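**Q** Provided below for reference: sequence and predicted model.
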Amino acid sequence: MAGRLGLNSIHPVIAYGELPSRAVVGEPVGVEATVFREGHDAVAASVAWRSPSGTEAPFNRMRPVGAGLDRWRTEVIADETGTWTYVVEAWSDPLGTWYHAIEVKSDAGQDASELANDFENGARLFEKVAESVGGAAAELALSVAADLRRDTDDVPLRITRALSAEARALADRHPIRELITRSPRYSVWVDRERALYGAWYEFFPRSIGAELAGDPDDPARPVRHGTLADATRHLDYVADLGFDVVYLPPIHPIGRVNRKGPNNTLNAKPTDTGSPWAIGSTEGGHDAIHPELGDERDFAAFVARARELDLEVALDLALQCAPDHPWVEKHPEWFTTLPDGTIAYAENPPKKYQDIYPLNFDNDPAGLAREILRVTMLWVERGVKIFRVDNPHTKPLNFWQWLITNVKAKEPDVLFLAEAFTRPAMMHELARIGFTQSYTYFTWRNTAWELQQYAEELVAGADYMRPNFFPNTPDILNEFLVGGGRPAFALRLVLAALLSPTYGVYSGYELYENVPVRPGSEEYLNSEKYQLRPRDLHGAIDRGESLAPLMKRLNEIRRAHPALHQLRNLRFHHSENDALLVFSKRDAASGDTILVVCTTDPHNVRDGWVHLRPDELGVDWQRGFTAADLLSGANYEWGEHNYVKLSPAQVAHVFAVHPH
C-alpha cells in the first residue's frame, strides 16, 4: 500500500475489499495489519471504526503481535446491525520514540547536559498532549513538561513523573500522531446474534400426530396426516429441550405427477404422501401451504406460539418444482427443455428425481429472480426470518448475491443457511457473497485429528463463513452413527453442540435412528422424505430410551456460558490418546471458560494424559483450577497435566473452569 509509512496485509478483507466481512452484534472481531517504517523511530497503528449511521467509535489503538514481527492487532465490536466500516491508520509515534530514547540514555548514565535536548523535546510533546485534552489529564501532561524542564533536579527526579504509569497511560490514550498513512475503507456486515449462535431442531409437521393403521399393503388404508396445529402443540417439546430455532422442511403443496413412494420408489399409492421437496401442484406453488397441513391462519398460529416460547421459525427455501407446479405451465422458459420436447427432471447420477424439475436461470433470469424475491418476502411477511436454502450450489452465484442483498435491504434481520454439501470452493464462495451460515463437512469428520484440523480451518475463515453443525439430516445418516450405537449419537451431539456456536439435529436423532435403506447407504430406511413417520418422543423419554435429556442439558450449558456463543475463540489442547479431543472456549469480557474432553471412539474405553495451554484458560498453573463437570456434577482439581478416562457410558467431560 503506497504511503509515507509501510501498511499492508490488512485483515479482515474479503475479495480484495469488494465484499464485506462478517460479524454479529457484540462479537469481538480482530483487525490486523503489518505496519513498519524506515529507520528506528517508533511507529504505531490504530483502527477508525464507523457505525452504519456514520458515528466514529472512540480511538482504538492497535498493539504489536509478538516481537519484531511488524504485525499489529486490536479488536472492534459492533453494537448494532448493518454495514460498519473501518480504516487502519499507521502513524509515526514521536512520544514512543522519545520514551525509548530517554530510557536507554538514562540507563546508560548520561547526565543532564547530555540529555538537555531530550528533556526539551519531551516537554514540548507533553505540552501538545495537554492541548488536546482537558481537566486532570491536561494538568498531568503540563506537570510532566514542567518536571522535564526543572534543571535544579537530577536526572531521575526530572523523568520520574514522565515514566509513571499515569503518564504512560496518558501518552497511550492521547498519542501525537504524525505522518499518518491510511488504508482503504473496508466494510463489515454485522448481523444479529442468531447468525452466529443458536440450536436448531428440524421436524416434519406432517409426521407430528400422524397415525398409520391397517394393512401397509392396502392402498386404501386409513392415514391421519399431521397438521400445523399438531406441529404448534409440538413446539412445547422443542422449547423444553432448549432449542432456539425450529426448522421446517417445505410445507407447500406436493406434486402428484411422478410422486415418489416409500424409500424413493416410483410406484406411489394413492395414500402415499410424496416428497415435500417436490414442490407444487394444482393447489399452488412456493407461496402456498399444503392443504392437509392447514392454511395461513394455522401457520400464523404456529409462528405466534413459537415466539411465545422464544423460538424462531426457519423454513426451507427449495428452488425446484414438481411437474405439476403452476410455474411449469405459466413459465416453461424457467425450465430446461430436452430435444424430445420434455422437461428435464433432476438427476445426480446415478440418483434420479423424476418428481422434481430444476429451474433454469439462463432463459429469463430477471423474471425468475423477481418471482423468487416475491415468494421469499411473502414468507418474511408471514414471520419467517431464517431460510434454510436447499442445494444453493446448483444455482448461479450472482443470483444468490442479488437475492440476499435485496432481501436484507428490506429486512436486515433475515438469515440464510446454505445446505451446500459440495466442493470447498463453492461452499466458501456462497458464504462470501452473502449466505449467513453453511452446513459443513462436520458430518464426515469423525476422528479427533480430522475434527481439530477442520475446526481450525473454520475458525480461520470465521470472517466470512459461519458453520452450522448437523450430525444428521433427512438426507444423511453417516456410517459413524450406523455402526456406533448410542455412544456415537451422544458423542457427536456433544461435539456438534460445543465445537460450533450453531448446531442442529433432525428429529429422530434422540431416538438413535440408525438403520440405512441398504448397507453402505447414507439414506434412512423408510425415510421421512417419502412417508409419514410418527414417533413416540415423550414415551421414549419416560422409558429412558431417549437422548433428549442430554440435548436439554447441553442447550442449558450453551445458554448459560457466553464462551460457547462464539467461534473465533475455539482452541485445542494436546492429548496423548489420539481418540480424545480436547478443546476450550474463553469469553474475554467475562472470563467465562469452558473446557471439553470428548472421546471419538464409541466402542472402547479411552484414557490418557491431556496437556493444557495456560494462556487459553486464564489459569495460573502455580495455583491450579477447579474443573466443574457440568454433565456429571463432579469437581476435579486440575493443573497443566491431567489424566482422563472416558468410555461408551461416559463420552465426555464438559468443564467450567474456576481458577483458584
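**A** Done, it's in.

**Q** now do stretch 350-366: distance to the chain's middle.
**A** Put simply, stretch 350-366 sits 30 Å off its chain's centre (Cα atoms, centre = their mean, to the nearest Å).

**Q** quick one: list the elements packing against the helix or strand hosting residue 573.
**A** Residue 573 is part of strand 571-575 when elements are defined by DSSP states H and E. Contacts defined by 3 or more Cβ pairs under 8 Å, 6 or more residues apart in numbering; DSSP states H and E place strand 571-575 against helix 448-460, strand 580-586, strand 606-611. Every residue, glycine included, has its C-beta placed from N, CA and C.

**Q** and these, which is most packed in?
**A** strand 580-586 (a mean of 23; mean count of other Cβ atoms under 10 Å).

**Q** from the contact counts, what lies against that strand?
**A** Using 3+ Cβ pairs under 8 Å, 6+ apart, strand 580-586 is in contact with helix 448-460, helix 479-499, strand 571-575, strand 593-599, strand 606-611, helix 614-617.

**Q** before we move on, back to that, let me have the helices and strands packed on strand 571-575 in TSV, adding mean pLDDT and distance to residue 484 as columns.
**A** Listed next are the helices and strands packed on strand 571-575 as TSV, based on pLDDT from 0 to 100; distance: least, Cβ to Cβ, whole Å:
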stretch	mean pLDDT	distance to residue 484
helix 448-460	98	15
strand 580-586	98	15
strand 606-611	98	14
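
**Q** go through the helices and strands packed on strand 580-586 and name the closest to residue 29.
**A** Among the helices and strands packed on strand 580-586, the nearest to residue 29 by Cβ to Cβ is helix 448-460 (13.0 Å).

**Q** who does the next helix or strand after the closest one pair up with?
**A** Counting by DSSP H and E, the element after helix 448-460 in chain order, helix or strand, is strand 467-468. Counting by DSSP bridges, the strands paired with strand 467-468 are strand 437-439 (parallel).

**Q** partners of the strand ranked longest in the chain, with directions?
**A** When the chain is parsed with DSSP state E, its longest strand is strand 82-92. Here strand 82-92 has these sheet partners by DSSP bridges: strand 43-50 (antiparallel), strand 178-182 (antiparallel), strand 186-191 (antiparallel).

**Q** can you dump the C-alpha atoms of the shortest one in CSV for me?
**A** Taking only C-alpha atoms (Å, rounded to 0.1, in the frame of the first residue of the first chain), the coordinates of strand 178-182 have been written out as CSV:
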residue,chain,number,x,y,z
GLU,A,178,2.4,12.2,12.6
LEU,A,179,2.9,11.0,9.0
ILE,A,180,-0.5,9.3,9.1
THR,A,181,-0.9,6.7,6.4
ARG,A,182,-4.4,5.3,5.9
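
**Q** what about that strand, average pLDDT?
**A** Strand 178-182 carries an average pLDDT of 97.

**Q** likewise for stretch 303-315?
**A** On average, stretch 303-315 scores 98.

**Q** quick one: buried residues of that stretch?
**A** 303, 305-306, 311-315 (16 or more other Cβ atoms under 10 Å).

**Q** just the ones in strands from those, please.
**A** Reading strands off the buried residues of stretch 303-315 with DSSP E, I get 312-315.

**Q** nearest to residue 25, of the residues you listed?
**A** residue 312 (15.7 Å).

**Q** the closest residue to the closest one other than its chain neighbours: how many residues sit nearby?
**A** Closest residue to residue 312 apart from its sequence neighbours, by Cβ to Cβ, 6 or more residues apart in numbering: residue 245 at 4.9 Å. Residue 245 has 24 neighbours, counted by other Cβ atoms under 10 Å.

**Q** what sits against residue 245?
**A** Taking Cβ atoms under 8 Å, 6 or more residues apart in numbering, we find residue 245 in contact with 194, 198-201, 311-314, 386, 504.

**Q** same deal with residue 336?
**A** 343-344, 358, 360.

**Q** filter the residues you listed down to the buried ones and hand me the PyMOL line.
**A** To isolate the buried ones among the contacts of residue 336 in PyMOL, judged by 16+ other Cβ under 10 Å, type:
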select buried, resi 343+358+360
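
**Q** that older thread, and the residue nearest to residue 312, backbone torsions?
**A** Dihedral angles phi and psi of residue 245 (degrees, to the nearest 10) take the values phi -130, psi 130.

**Q** cool, and the one 3 residues further on?
**A** Residue 248 has phi and psi values of phi -110, psi 130 when expressed as degrees, to the nearest 10.

**Q** how close does the residue lying closest to it once chain neighbours are set aside get to residue 375?
**A** Distances taken as Cβ to Cβ, 6+ apart place residue 315 nearest to residue 248, at 5.5 Å, with adjacent residues excluded. To residue 375, residue 315 is 11 Å away according to Cβ to Cβ, to the nearest Å.

**Q** how about the residue with the largest distance to the centre of the chain, secondary structure?
**A** In the chain, counting by Cα atoms, centre = their mean, residue 152 sits farthest out from the average C-alpha position, at 62.6 Å. Classification of residue 152 using DSSP: H, G, I helix; E, B strand; the rest coil returns coil.

**Q** where are the low-confidence patches of the stretch 201-350 of the chain?
**A** 213-222 (pLDDT under 70).

**Q** now the helices: where do they sit in it?
**A** Ranges of helices within the stretch 201-350 of the chain are 228-240, 296-308, 326-330, based on DSSP state H, counting those that start in this stretch.

**Q** save those helices as TSV, and put in distance to residue 613 too.
**A** Converted to TSV, these look like this (distance: least, Cβ to Cβ, whole Å):
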stretch	distance to residue 613
helix 228-240	37
helix 296-308	41
helix 326-330	56
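
**Q** coming back round to it: next, the buried residues of the next helix or strand along the chain from the longest strand of the chain.
**A** The C-terminal neighbour of strand 82-92 among helices and strands, as given by DSSP H and E, is helix 94-107. If you call a residue buried by 16+ other Cβ under 10 Å, then helix 94-107 has these buried ones: 94-99, 101-102, 106.

**Q** immediately after helix 94-107, which helix or strand?
**A** Taking DSSP H and E, what comes next after helix 94-107 is helix 116-132.
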